[in-house]
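**Q** With the input below, show me the fold.
(one chain, ligands or ions: 2)
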Amino acid sequence: MMTEAAYKLNIDVVILEKNKFCPAASLCKEIIFSDFNDTDALSYLGKTCEVFTVESENIPIKSLKFLSKFGEVKPGTNCIEICQDRIKEKSFLEEISLPIVPFSLIDSTEVISVVSENLFPGILKTSRFGYDGKGQVHVYNKNELLTAYEKLGKVDCILEKKINLDKEISIILVRNSNGKIASYPPAENIHENGILKTSFMPCKLKKNFLLEAFEYASRIADKLNYCGVMCVEFFFSDEKLFVNEIAPRPHNSGHQTIEACDCSQFEQQVRVCANLPIGSTKINGNAKLTNLLGDLWFSNPNKVASNPDWNKYKRKGTTIHLYGKKEAKIGRKMGHLVEFSRYDD
Ligand code: ADP
Ligand code: MG
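**A** Residues are numbered from 1 along each chain as shown. Ligands and ions are numbered 1, 2, ... in the order given. Take a look at the predicted model:
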C-alpha cells in the first residue's frame, strides 16, 4: 500500500525482500531478493536510493545502521530498535511516564519462582518477533508460566497482567523531520484470538480520553524524534488508558484512511520520506475495516484452499484490498475490506 502511494506520487521504490512472491513487487521500480543481513545487497540498495524506510519492525538494527551511512533512515534506527523489542519498549514507556499494564521481565527459570502473584492471570509474551497474538501464552499460575516459558524456547519474555479490556483503540500519527505532528481520528479495534478482526474509524470514546491518547502518542513520537507514520495501540480499562505497543510503520492498523481520509497513512509515510509537506488527515465519513484472514479461503465444504466468492462483497461504499499473498493460511492476513459511508451521503 505504501508502494502504491509512492507510485501515484511518481516516486520510485526499490524493495529489499527475501520473499520471491513479495506483494509489492509489481509496483516497485526494482526488487532485490536478499536476506536483510547481506551487506552486498544492502550496499546496492544504499547506492540506489536516497532515503530508507521499513514495513516490518523486525529488520536487523545492524543493517539499518549500515544503510544510514548512505542516507537517512526514517523512522530512525533508535525508534525501530525500541519498538522491535517489548522489553525495551516497556522500559521506554515507563521512562517517559506513560501508563502501561504491570509486567515483569522473564529471562530465566529462576525469576519465575520470585515473580509477583499479582501478575496472574497473565500473558507471557516473547520480547521479540511476536505479532497477531503469536508468541503469547495465557498463564494462571507459576507452574503454567514455567511450562509456557519452556514452550516458547526460553527466549526473553515479559509476563503481563491480563486486564479486562473495555475497548482497544489506536492512534495513527505522522511526524516529519521538523517535529510537526498530524493525527488521524483514533480507531476502535476489535481483536479475536489476538488478531485484529475489525476496526472502526473514528471511534466512540469520551473526548477527554481521545485527547489523552493523542497527547500520549505525541509524547512518544517527540521523545523518539520520530520521522514517519507511527501507530500506538491503547487498552481502555476501568476508565483508564494504558499504552499497549507502538508500531513503527504504516501497515499496522487503520488502513481505512485510504478510503476515509484526504491523504492516506501510506501516502504520509512516502511524503515524510520525500520531505514533502504532511497531507491532510481529515476524515470524511465512517469507515469500518474487516481483515480478510486466510480462514475465508478454507470456508468451503471441502476445506480445500479456494478463492472466496468476492461478488457478495460488491456493494456501494465497499472496497476489497487483496495483498497478493501467494498462499492462504489459517489466521494469515490476506487482505482487508473497507465499508465507508461519507458524512454527506
Ligand atoms: P501483538 O499485536 O504484537 O500480537 P499485543 O500485545 O498487541 O501483541 O496483543 C494482541 C492482543 O491480545 C491485544 O490487542 C489484546 O486484544 C490482547 N491482549 C494483549 N495483552 C493483553 C493484556 N495484558 N490483557 C488483556 N488482553 C491483552
Ligand atoms: Mg498489538
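**Q** For the stretch 201-345 of the chain, which segments count as strands?
**A** 228-237, 240-247, 285-293, 318-322, 333-342 (DSSP state E, counting those that start in this stretch).
**Q** do the second one and ligand 1 meet?
**A** Yes - applying CB under 6 Å from any ligand atom, one finds strand 240-247 in contact with ligand 1 at 244-245. (C-beta placed from N, C-alpha, C; glycine too.)
**Q** so how far is that strand from its chain's centroid?
**A** Relative to its parent chain, strand 240-247 has a centroid offset of 12 Å by CA atoms, centre = their mean, to the nearest Å.
**Q** Touching, Cys22 and Glu30? I think so.
**A** No - Cys22 is beyond contact range of Glu30, at 11.7 Å (criterion: CB atoms under 8 Å).
**Q** Give me the common contacts of these two.
**A** Common contact partners of Cys22 and Glu30 (CB atoms under 8 Å, 6 or more residues apart in numbering): Ile15.
**Q** Counting neighbours, go ahead and name the busier of those two.
**A** Applying other CB atoms under 10 Å to Cys22 and Glu30 shows that Cys22 carries more neighbours, namely 18 against 14.
**Q** for the record, mean pLDDT for the top helix by length along the chain?
**A** In the chain, assigned by DSSP state H, the helix with the most residues is helix 207-223. Averaging pLDDT along helix 207-223 yields 98.
**Q** Share the number of residues neighbouring the residue in the chain that ligand 1 sits nearest to, please.
**A** Residue of the chain nearest ligand 1, by CB to the nearest ligand atom: His191 (3.8 Å). A count of nearby residues for His191, using other CB under 10 Å, gives 16.
**Q** quick thing: my sequence starts at 17, can you match it?
**A** Noted, 17 is the first residue going forward, which turns the last one into His207.
**Q** Taking strand 301-309 as reference, get the angle to whichever strand or helix holds it.
**A** Here His207 sits within strand 203-208, counting by DSSP states H and E. Using axes from the mean of the first three to the mean of the last three CA atoms, to 10 degrees, the inter-axis angle of strand 203-208 relative to strand 301-309 is 20 degrees.
**Q** Which neighbouring elements make contact with strand 203-208?
**A** strand 183-191, strand 211-217 (3 or more CB pairs under 8 Å, 6 or more residues apart in numbering; DSSP states H and E).
**Q** For the chain, which residue occupies the most central location?
**A** In the chain, the centroid-proximal residue (CA atoms, centre = their mean) is Asn268; its distance is 2.8 Å.
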